[in-house]
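Trainee: Fold the stuff below for me.
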Amino acid sequence: HMHHANIACNEAISGFLDATADELIGSLVATARGDFATAVAEPLPVQVICSMIGIPEADVAMLTPLVLQSNDLLAGVVDAATMGASAEASMKVVGYLDPLVRGWRASDEGTTVCDALARACAAGEITVEDGLGMLVQLLGAGTETTTSLIGRVALQLARDAELQQTLREQRYQAHHRSGE
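Mentor: Next up is the predicted model:
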């Protein structure tokens, strides 16, 4: 039963990731200009991780800039002028997550991170504070490292014309095999 739930969860995340990436990249392409990191590499991991956590979609737009600003602390790109704002953004993220974690009621079928944390809290395996700490780490470190990885992949792709051509051919072949 758990194996099937994991497959369904992975498929849901994969579908969400594809749709979100298509939307972000489509917006960038439609403007015919822009910064890939700001338009895609930064918001994509935040949105996907928020979905995995179980954060309501209506709150993601408010939370995204706070997570990104607080990540400046992790990235080490703050100075005396921006450190206060980054720390304040971090506190706002924690202030949002705390009541979310404390109020989460998971069902046995729930597949979000909050569902798993709520079950672990109810079973006495972790404290609510531990769960909150895990979410803060997941949002912070997870988005920072994934943003960096996306940027590195984009840079490698931009530098490698042969790889670009191979990926175009593979996408074309996959597109025609699926009958799209």
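Trainee: Looks like Leu157 contacts Thr166 (just checking).
Mentor: No - Leu157 is beyond contact range of Thr166, at 10.4 Å (criterion: Cβ atoms under 8 Å). In this view, the C-beta of every residue, glycine as well, is placed from N, C-alpha and C.
Trainee: Show me which positions of the strand or helix carrying Asp18 end up buried.
Mentor: Per DSSP states H and E: Asp18 is located in helix 2-31. Residues of helix 2-31 classed as buried by neighbour count (16 or more other Cβ atoms under 10 Å): 17, 20, 24, 28.
Trainee: how far out from the middle of the chain is it?
Mentor: A distance of 11 Å separates the centroid of the chain from that of helix 2-31, by Cα atoms, centre = their mean, to the nearest Å.
Trainee: Likewise for stretch 144-164?
Mentor: On Cα atoms, centre = their mean, the centre of stretch 144-164 falls 17 Å from that of its chain.
Trainee: now the end-to-end length of stretch 122-130.
Mentor: 13 Å (Cα to Cα, to the nearest Å).
Trainee: which residues sit against that stretch?
Mentor: Contacts of stretch 122-130 with the rest of the structure, by Cβ atoms under 8 Å, 6 or more residues apart in numbering, involve 101-102, 106, 117, 120-121, 134.
Trainee: Appreciated, that's everything.
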